[in-house]
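Undergrad: Sharing a sequence plus its predicted fold:
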Amino acid sequence: LFRSVIACPCALVVSTPVTVVSGLAAAARHGILIKGGVFLEGGRKLKVMALDKTGTLTQGKPALTDVVPLGDMPTAQALRIAASLDDHSTHPVARALVQGWREQQPGMSLLPAEGFRVLQGRGVQGVIDGQEWTLGNHRLAEELGVCSAGLEARLAAFEQAGRTAVVLIAPSGPVAIFAVADTLRPESAQAVTELKALGVETVMLTGDNPSTARAIADQLGIQDARGNLLPQDKQSLVGELKARLGAIGMVGDGVNDAPALARADIGFAMGAAGTATALETADVAIMDDDPRKLARFIRLSRHTATVLKQNITLALGIKAVFLGLALSGHATLWMAVFADMGASLLVVFNGLRLLRK
């Protein structure tokens, strides 16, 4: 009888679920929502963290800073047409342009845009007053073959200043340039530093031009910054980094980040600023958009793994000791009770320590 009670595997069975649930609860208390224990356990294996720029490392609330005419069209009219196109988009740069128009032209109404479509990672397109208009980034202007030496110089000046520039293009050519600027989250630099301290390499992925990406990355101490990326480019790069460096996490907030979030070992979505698509695709949601919680998640994952090993060692060790006593004829009823319920309580209390993390 003693041998049967001592050999009962209750402590070993409960050691893992109690520890994992405690870790999930501890994360939730700090605004980190994890969709399952497998992702909590996998966090300790991450070798590289790919971070989107807009809305992740920056505030995601850029403001319109410049309107530069390129022809005879008045800036007010060009801005109204651009805002009429961007009003159908949810991208932070589009929202900034629309807000800038509202501040500069209060009381004016938007123009109806027909046949509106999003050119993913590049811009938008639509028909206004019977004429097709395109509003997009530097990459789109190059694809359409409208980049003259003068336009390139103006765009380069904005990009080197760390601003995002978009061009309004009519069938006859470029009409105006609009520049928006975003500000870094105050926590971003510390977040990158903490990730590096944990031995996790950081890479910035963005649809913005390489010059803007480099300017932002330099402020954060990120060595590897990739720009001009379409959603499928981000997805491919995540796969490439995974094959080269090991387990990878991807952090993003927008629809354009969803394919990369799905490709990563663990996808992180910024919960407050993130789109529904990003939140549904991601495995972990950072509810207050604080990037420092990426390092906190990894530390919690590593501590959870340590507690799991402790619990398994405790459960098996106690069973082995008392089973040996039983086989040698020295076991008592109280020993059997301790080997069963005592060991179970020990692993439960040890697992609950994670709630204090």
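TA: Arrived safely.
Undergrad: For residue 171, give me its contacts.
TA: 131-132 (C-beta atoms under 8 Å, 6 or more residues apart in numbering). C-beta here means a position set from N, CA and C on the backbone, and glycine is covered the same way.
Undergrad: pLDDT wise, what is it at?
TA: For residue 171, the pLDDT comes out at 91.
Undergrad: One more: residue 54?
TA: Note on residue 54: pLDDT of 84.
Undergrad: got it, and residue 11?
TA: 62.
Undergrad: Around residue 29, how many other residues sit close by?
TA: When neighbours are defined as other C-beta atoms under 10 Å, residue 29 has 10 of them.
Undergrad: where's the nearest residue to it once chain neighbours are set aside relative to residue 310, distance?
TA: Nearest residue to residue 29, sequence neighbours excluded (C-beta to C-beta, 6 or more residues apart in numbering): residue 355, at 7.7 Å. Distance of residue 355 to residue 310, computed by C-beta to C-beta, to the nearest Å: 16 Å.
Undergrad: quick revisit: correct me if wrong: the residue nearest to residue 29 contacts residue 25.
TA: Yes. Between residue 355 and residue 25 a contact is recorded at 6.1 Å, counting by C-beta atoms under 8 Å.
Undergrad: Just give me the residue closest to the centre of the chain.
TA: residue 251 (1.7 Å; C-alpha atoms, centre = their mean).
Undergrad: Checking it next. Helix, strand or coil?
TA: Three-state call for residue 251 (DSSP: H, G, I helix; E, B strand; the rest coil): strand.
Undergrad: Skipping adjacent residues, who's closest to it in space?
TA: Excluding its sequence neighbours, the residue lying closest to residue 251 (C-beta to C-beta, 6+ apart) is residue 268, at 4.3 Å.
Undergrad: what's the helix or strand for the one you found?
TA: Residue 268 is part of strand 266-270, with elements assigned from DSSP states H and E.
Undergrad: low-confidence ranges in this protein?
TA: 1-12, 272-274, 319-342, 357 (pLDDT under 70).
Undergrad: Remind me which helix or strand residue 13 belongs to.
TA: Assigned by DSSP H and E, residue 13 falls in helix 10-29.
Undergrad: Output that helix as PDB, restricted to C-alpha atoms.
TA: Extracted in PDB, the C-alpha atoms of helix 10-29 (Å, rounded to 0.1, in the frame of the first residue of the first chain):
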ATOM      1  CA  CYS A  10       0.200  13.400  -8.800                       C
ATOM      2  CA  ALA A  11       3.000  15.900  -8.100                       C
ATOM      3  CA  LEU A  12       4.600  15.300 -11.400                       C
ATOM      4  CA  VAL A  13       1.300  15.700 -13.300                       C
ATOM      5  CA  VAL A  14       0.300  19.000 -11.600                       C
ATOM      6  CA  SER A  15       3.800  20.500 -11.700                       C
ATOM      7  CA  THR A  16       3.600  21.800 -15.300                       C
ATOM      8  CA  PRO A  17       0.100  23.100 -15.600                       C
ATOM      9  CA  VAL A  18       0.300  25.000 -12.200                       C
ATOM     10  CA  THR A  19       3.600  26.600 -13.200                       C
ATOM     11  CA  VAL A  20       2.400  27.600 -16.700                       C
ATOM     12  CA  VAL A  21      -0.900  29.000 -15.500                       C
ATOM     13  CA  SER A  22       0.900  31.000 -12.900                       C
ATOM     14  CA  GLY A  23       3.200  32.400 -15.500                       C
ATOM     15  CA  LEU A  24       0.300  33.300 -17.800                       C
ATOM     16  CA  ALA A  25      -1.500  35.000 -14.900                       C
ATOM     17  CA  ALA A  26       1.700  36.900 -13.900                       C
ATOM     18  CA  ALA A  27       2.000  38.200 -17.500                       C
ATOM     19  CA  ALA A  28      -1.600  39.200 -17.700                       C
ATOM     20  CA  ARG A  29      -1.200  41.200 -14.500                       C
END
